[in-house]
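Visitor: sequence plus predicted model, see below.
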Amino acid sequence: MRDDFTSFWGHRLKWTYLLGVVAALLSPVFYVIVISFNEHGFAARIYEFTFDWYRVVFADKVLLESLKWTGYLAVATVAVAVPMGVLAAKFYRRTQRPVPFLVLMLTPLFAPADIMASGLLVYFKHLNGAIEALGDSFGVGWLYGWFELGFMTAVIGLVIYTLPYVFVIILITMSRYRDQQTEAARSCGATAWQAFWHVEFPQIRAGVFSACSFVTILSFNETTRTALLKGGFDTFSNVLVSQMLNIGMSGESYAMAGMMSILSMVVIGAILIYTLARTERLERRARAMAEPSMSA
Amino acid sequence: MYFRKISALTRTGGPGCKRPNRGAPLLPGEQMHQSQPENIDTSSGAIPALLGRLLGERGLQAWVFYLPLAFMVLFFAIPMALTLLWSVFERTQYWMKPGFTLFAYDNFFTSARAENYLYSMIHSAIAVVIAFAIGFPIAVFVRRRLPQTAQHRVVLLFVLPFMISELVRVFALRPVLGRTGPLNSALMELGLISKPISMILFSPTGVIIGDVMSFLPFMVFSGFLAMEAVQPYVFEVCDDLGASTRRTFIDVIVPLAAPGIFAGGLFIFTNSMGVALVPTLLGGPGAVNAGLIANQAIVALDFPLAMAISAIMMATLVLLLYIGHRLFDLTKIIRPIS
């Protein structure tokens, strides 16, 4: 087989191209981070390192409030989307009709944020009206306001957005799991839950934790769906958008964008490093087990 | 723990591998495994037996697997389908009322909105072509030329830019592409241009650059997934038969990786058309796409118009997905991981 290793420069050129594309995708983000630490802001001739813009962000009560709501949303989305992703992956592996289910699970990836959020916004308003009408006809008050725009509707929007990612991550992790292990556990008298928790979960745990981190980052970064579905509170990215459009790009905006980028990089970087280290460890173990014993 | 022992004993796999999840909780309607008794003790009373039946493997445990399906149907499929119905409702001052009128569609197709929609389709198609030209060769290179163990690690490099907030990435392009930004400064210092290029920001070019920068990693991911289904011996056969790189790419790689290319292209196309953030931040005055038109209609409280645009967009998406699946069998992309 002809390969690039015969062409020394060809192989290196392709590597340079690959790394160049990654660098090009990341360079604007790094540029914003660098600007966010400049006391004189964007387009200044002098660069003086400072944390002042970040101090401004942390002293802003509106921003802190928005950070709090963003955190709540992330926790609630993780709590719903990740178990649901595990169930969806298990369902997909067992269902007799995988294609319609797969289409349903993955279509939200292709549905643009503004289109999906507009549809959901109108749906929730209609649903709320219908449920309230139902409450009126039965004379019960507790049905009021179930789907009024607010925290729950924002979480629903975020779960629909993040569930396809969780589903794919868990599916990748589960593809390495052998189902006979569950069967063996069941044959030994374990209940379905015990078989899952003690046998299957330890082997998909890395995927589940990766999914948790991805969902946290995705919900933290999401703008459009939360903007349309959140009701009366603000999230961090919503405040950033409104600042950019109404006030312009201030030093504070750069610091906010820098914060979001650094957080994403740290979390995703940690997952990547952990994943690579784990893969390396498993490969080493597999190699060690495959090697013939040297003892006499 | 005996579970650990089971884990170790069964790690080697066996002929039973092909049958999925024997021993996992049953889906409703499935037959229970032969060796598995139902474990319901009816001797201790009717209520525990009933509870056992309700919570058992043929009760709630079986139905819990339908939760994601129910959730997605209730909060995704139904709302998206209903956009078609709401688009023919009559507009009121602040909301809409049931009725049948095509006013929203008339309003859309006879105004500048339809023209803008078409332009955004063209810009999105250009973004797809550029993303394919830049991203797909990377997927091919990784799959074809790197050792198996290194492939996933290299693809993971593209996760980082993809997971950083799209808002930040698009926002970050403003200073970079601006007249006083680093791109223009670098080009001027290199002597390649004498004055700053202004057409790369607040213009359709800016929107296309923003779309490519935002969605390019997805072309790499889907291209790589599709390439995973292509067996390495295919490349060896091409080489042995003396096929040129160009011929191998056009006649072998592209047809085999078509599902992934299509999925990546569709993702970029629909998101370029529907994500309002990019034209808002990089397009300047007059730059719109379907998402921005829908957003503006909601701000103007013209809900039937917003729903008409959503319905058109979703119909486009479903039609393209259907065509793609008929032509290329899109499930092939996910086959290596399922």
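Guide: Yep, that arrived.
Visitor: pull the longest helix from the chain.
Guide: Picking chain A for this. helix A:251-290 (DSSP state H).
Visitor: that answer is for a different chain, and I need it for chain B
Guide: helix B:112-145.
Visitor: quick revisit: any residue of the longest helix of chain A touching chain B?
Guide: Yes - using C-beta under 8 Å from any C-beta of the partner chain, we find that helix A:251-290 touches chain B at A:253, A:257, A:260-261, A:264-265, A:268-269, A:272, A:275-276, A:279, A:283. Any C-beta I mention is one placed from the backbone N, CA and C, and that applies to glycine too.
Visitor: next, format those residues as JSON lines and append pLDDT and distance to residue A:161.
Guide: Formatted as JSON lines, the residues of helix A:251-290 next to chain B follow (pLDDT from 0 to 100; distance: C-beta to C-beta, whole Å):
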{"residue": "A:253", "pLDDT": "88", "distance to residue A:161": "24"}
{"residue": "A:257", "pLDDT": "91", "distance to residue A:161": "21"}
{"residue": "A:260", "pLDDT": "90", "distance to residue A:161": "17"}
{"residue": "A:261", "pLDDT": "92", "distance to residue A:161": "20"}
{"residue": "A:264", "pLDDT": "89", "distance to residue A:161": "16"}
{"residue": "A:265", "pLDDT": "90", "distance to residue A:161": "21"}
{"residue": "A:268", "pLDDT": "86", "distance to residue A:161": "17"}
{"residue": "A:269", "pLDDT": "87", "distance to residue A:161": "23"}
{"residue": "A:272", "pLDDT": "83", "distance to residue A:161": "22"}
{"residue": "A:275", "pLDDT": "80", "distance to residue A:161": "23"}
{"residue": "A:276", "pLDDT": "81", "distance to residue A:161": "27"}
{"residue": "A:279", "pLDDT": "77", "distance to residue A:161": "28"}
{"residue": "A:283", "pLDDT": "78", "distance to residue A:161": "34"}
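Visitor: sec struct for residue 200, please.
Guide: As the question left the chain open, I've gone with chain A. Assigned by DSSP: H, G, I helix; E, B strand; the rest coil, the conformation of residue A:200 is helix.
Visitor: if you could check chain B rather than the one you did, that'd help
Guide: Strictly by three-state DSSP, residue B:200 counts as coil.
Visitor: show me what contacts the residue nearest to it when sequence neighbours are not counted?
Guide: Leaving aside its sequence neighbours, residue B:200 sits nearest to residue B:177 (C-beta to C-beta, 6 or more residues apart in numbering or on different chains; 4.8 Å). If you count contacts by C-beta atoms under 8 Å, 6 or more residues apart in numbering or on different chains, residue B:177 has them with B:183-184, B:200-201, B:206, B:209, B:282.
Visitor: over to residue A:67?
Guide: Contact analysis of residue A:67 by C-beta under 8 Å, 6+ apart lists residue A:236.
Visitor: so where does it fall, helix or strand?
Guide: helix A:61-94 (DSSP states H and E).
Visitor: helix or strand next in line after that helix, which one?
Guide: Next element after helix A:61-94 (DSSP H and E): helix A:98-110.
Visitor: what comes up buried for stretch B:164-184?
Guide: B:164-178, B:181, B:183-184 (16 or more other C-beta atoms under 10 Å in any protein chain shown).
Visitor: for stretch A:52-63, same thing?
Guide: A:53-54, A:57, A:63.
Visitor: domain map for chain B?
Guide: Chain B is divided into the following domains under automatic domain parsing: B:32-86, B:103-337.
Visitor: worst average pLDDT in those domains?
Guide: Sorting the domains of chain B by mean pLDDT places domain B:32-86 lowest, at a mean of 76.
Visitor: just flag the most distant two among the buried residues of stretch A:52-63.
Guide: A:53 and A:63 (11.8 Å; C-beta to C-beta).
Visitor: for the closest residue to chain B within chain A, list the residues it contacts.
Guide: Of all residues in chain A, residue A:112 sits closest to chain B, at 2.1 Å by C-beta to the nearest C-beta. By C-beta under 8 Å, 6+ apart, the contact set of residue A:112 is B:270-271, B:273-275, B:290-291, B:313.
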